[in-house]
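# Test case, fold it:
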Amino acid sequence: MAKITLTDVLNAARIGETDDWEFKSAKGGMPASFWDTYSAMANTDGGTIVLGVSEVDGALRFDGLSDAQINRSKKTLHDGLHNRSVISLNLVSADAMATLQFGGANLLVIHIRPATRSERPVHRGQNPFGATYRRAHEGDYRCTDDQVRRMIADADPQGGDQRILDGFGIDDLDQDSLAQYRNMFSATNLNHPWLKIDQLDFLEQLGGWRRERNPLREGLTLAGMLMFGKSIAIASPEAAPNYFVDFRERLDPSQRWTDRLFPDGRWEANLFQFYTRLWPKLIQDIKIPFRLEGVQRIDETEVHVALREAVVNALVHSDYSAPGGVVIERYRDRFVIENPGALLVSMDQLRRGGVSECRNKSVQRMFRFIGGGDQAGSGFRRIRAGWSSQHWRAPVLTTQIEPDRILLTLPTISLLPEDATQALEARFGDRFGTLGQPEVLALATAKLEGEVTNARLQDLLPEHPADIGRTLQNLCTQGFLAAVGRGRWTRYRLAGAVGGQDLFSADAEGDSPDLEVDSPVLTADSPVMMVKWGELQALVRPIAEKGRVARTVMSAGIITLCRRQTLTLEQLSKLLGRQPKNLRDAYLTKMVREGVLQLKYPHAPNRPDQAYSAASDVTGE
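Purely as a prediction, here's the structure:
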């Protein structure tokens, strides 16, 4: 890594909006939370901890450390890094620690590289359970035992899909799927020697059947089951009981969906069948310009390539032991692709490309042989390039925790739509015409997506994050934007906006008006509530006053509330008398996935002010 400079530290302090920097005082010695943050950064995207900086009223103050404090901190760090009872792995190289001076203040800077897939989980002490952390917008959080188990499973270099499924055999495969796949393989791999071997040997070459020598055993692999299995066999407790694939087309806001493809018993819902049935539905409205290469017509654009890459990536990187399944949605203005599991590489590695880490290597191999996916680690760059070719807004990749999910939103709207710039001109008058391209793009993003952040603009602009930070702060000073939150959680919205239009939210498709944008957490007597707080309380008082109710009763209560008002998690928890985390994990996440509830900000599921509304065709009474 490049050596960290004082400029890097000051830029990070000025931006204050990223997850990969942490500032701690250390006046009283090494902070008790240091090793929690170390574990969290190691298990996420890596990061840098700066000792000698305190936070007062949301602002960073460079207090500095004495020479003696610096030396004590270095010794504590050195001893801990080489003591497995303190931390399980040393990820700090000799050149990744530096002492810097700023205004006479000594700062100790420690860079922690991200742990590789095979090195995770990085944990405090010798037992990973209860001592493993990850990084999220809310800070460092302790991983659940299930999350730790999945990290351990992901560390298997063979990939989880090479597990032999005892008790299963060829009869558990859908022979039509295997035959159709072999025909596609033949069309894309002319004269391949595998075309001459029998079905079982062909399956073994693909990774769908495996023979072990010590001990001597053979059988169907999880990859073979996922790709070609019968629905009932895939869902067996010994195979992949959480497996689920779902395509939802939502082109008409008056309908819950205009088309849907999911395991309904009418087809064998393995990955191959899902992919071949899904693809024509996804691309039916993508325009194909006439183009020749020699005498052959090319019927695909860069958008087709990017969309295929996105879909196959979701299928091959999914953690099929995790809940939630693969959900692919098509809207009028975007595609949304989400899959269960955590990223196996850091977000920075994903953007740069060149690093290929796949959770299901044999499934990836199977798709690659029929023209789907790429193994060189360039998938996300290819997706971005395809979207850029149409001058569409850049894809948005976000991660969700508890449960772990990866969400990719692919907007199909212009980077600077004419109606958005016209609306901004009408809103801000002649002042808007004096702004430069970065400022205009920042305001357009706030208009189109409901908010803008430093991280989001890094997807859209080549500028350094520090320069982007100054741009956003200047727009606030000039009255174009208003900041919400502080530090790494800062978001910016159009100044004075109430119910600002968000093309990635339900509001753009005819739902009820937004809540007050500048007051993301509303109180009971908020004047902008469409329904009085007391009326909402009366609707669900029997639920709130009971310690335990049936799931159907609680679900009906949630729908009843969300049909009348778009509500945040905090508001719902107060109305229903339940803890926010339990309410979200047990009900809201599942109801969103099933299409019963809609997110106010589907492109940013982890927003602190996320809110929920009922789908238009759902009743709660």
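
# any weak-confidence spans in the stretch 201-350 of the chain?
288-299 (pLDDT under 70).

# Which stretches in it count as strands?
Secondary structure of the stretch 201-350 of the chain (DSSP state E, counting those that start in this stretch): strands located at 209-213, 216-220, 245-250, 259-261, 292-293, 296-297, 326-331, 334-340.

# name the helices or strands packed onto the last one?
If you count contacts as 3 or more C-beta pairs under 8 Å, 6 or more residues apart in numbering; DSSP states H and E, strand 334-340 packs onto helix 302-317, strand 326-331, strand 405-411. Bear in mind the C-beta positions are built from the backbone N, C-alpha and C, glycine included.

# between it and strand 326-331, how many degrees?
Inter-element angle recorded for strand 334-340 and strand 326-331: 170 degrees (by axes from the mean of the first three to the mean of the last three C-alpha atoms, to 10 degrees).

# Same check on the first one?
Strand 209-213 and strand 326-331 meet at an angle of 150 degrees, taking the same axes, to 10 degrees as the criterion.

# Please enumerate the strands of the stretch 51-200 of the chain.
53-56, 59-62, 97-102, 105-112, 133-136, 139-142.

# Which residues does the second one contact?
What it means is strand 59-62. In this structure, residues lying in contact with strand 59-62 by C-beta atoms under 8 Å, 6 or more residues apart in numbering are Ala13, Gly16, Phe23, Gly52, Val53, Ser54, Glu55, Phe102, Gly103, Ala105, Leu107.

# ok, 10 Å please
9-10, 12-14, 16, 23, 25, 50, 52-55, 101-107, 486-487 (C-beta atoms under 10 Å, 6 or more residues apart in numbering).

# Give the pairing partners of that strand; include direction for each.
strand 53-56 (antiparallel) (DSSP bridges).

# mind giving me the domain split of the protein?
6-144, 246-264+273-411, 418-491, 506-614 (automatic domain parsing).

# Now do the end-to-end distance for the longest one.
Distances were taken as C-alpha to C-alpha, to the nearest Å; on that basis the terminal residues of domain 246-264+273-411 are 20 Å apart.

# now it, how far from the chain's geometric center?
With C-alpha atoms, centre = their mean, to the nearest Å as the basis, domain 246-264+273-411 stands 13 Å off its chain's centre.

# again, but for stretch 65-84
Worked out by C-alpha atoms, centre = their mean, stretch 65-84 lies 35 Å from the chain centre.

# residues of it that come out buried?
By neighbour count with 16 or more other C-beta atoms under 10 Å, stretch 65-84 contains the buried residues Leu65, Gln69, Ile70, Ser73, Lys74, Leu77, Gly80, Leu81.

# surely the first one meets Ser25?
Yes - taking contacts as C-beta atoms under 10 Å, Leu65 lies within contact range of Ser25: 8.9 Å.

# what do the two both touch?
Between them, Leu65 and Ser25 share the contacting residues Leu51, Gly52, Val53, judged by C-beta under 10 Å, 6+ apart.

# show me what contacts the last one?
Residues in contact with Val53 (C-beta under 10 Å, 6+ apart) are 9, 13, 22-26, 60-65, 102, 105, 107.

# Repeat that for the second one.
Residues in contact with Gly52, defined by C-beta under 10 Å, 6+ apart, are 23-27, 61-66, 69-70, 73, 99-102, 105-109.

# let's see it at 6 Å
Contacts here follow C-beta atoms under 6 Å, 6 or more residues apart in numbering; on that basis Gly52 touches Gly64, Leu65, Leu107.

# re the thing from before, quick check: of the shared contacts of Leu65 and Ser25, which lies closest to Tyr181?
Leu51 (56.1 Å; C-beta to C-beta).

# What's the separation between the residue nearest to Met347 when sequence neighbours are not counted and Arg351?
If the residues on either side of it in the chain are set aside, Met347 comes closest to Asp45, at 5.2 Å by C-beta to C-beta, 6 or more residues apart in numbering. Distance, Asp45 to Arg351, using C-beta to C-beta, to the nearest Å: 11 Å.

# Quick check on those two: which one has the bigger neighbour count.
Neighbours were tallied for Asp45 and for Arg351 using other C-beta atoms under 10 Å; the higher tally belongs to Asp45 (23 against 14).

# And what about that one, helix, strand or coil?
coil (DSSP: H, G, I helix; E, B strand; the rest coil).
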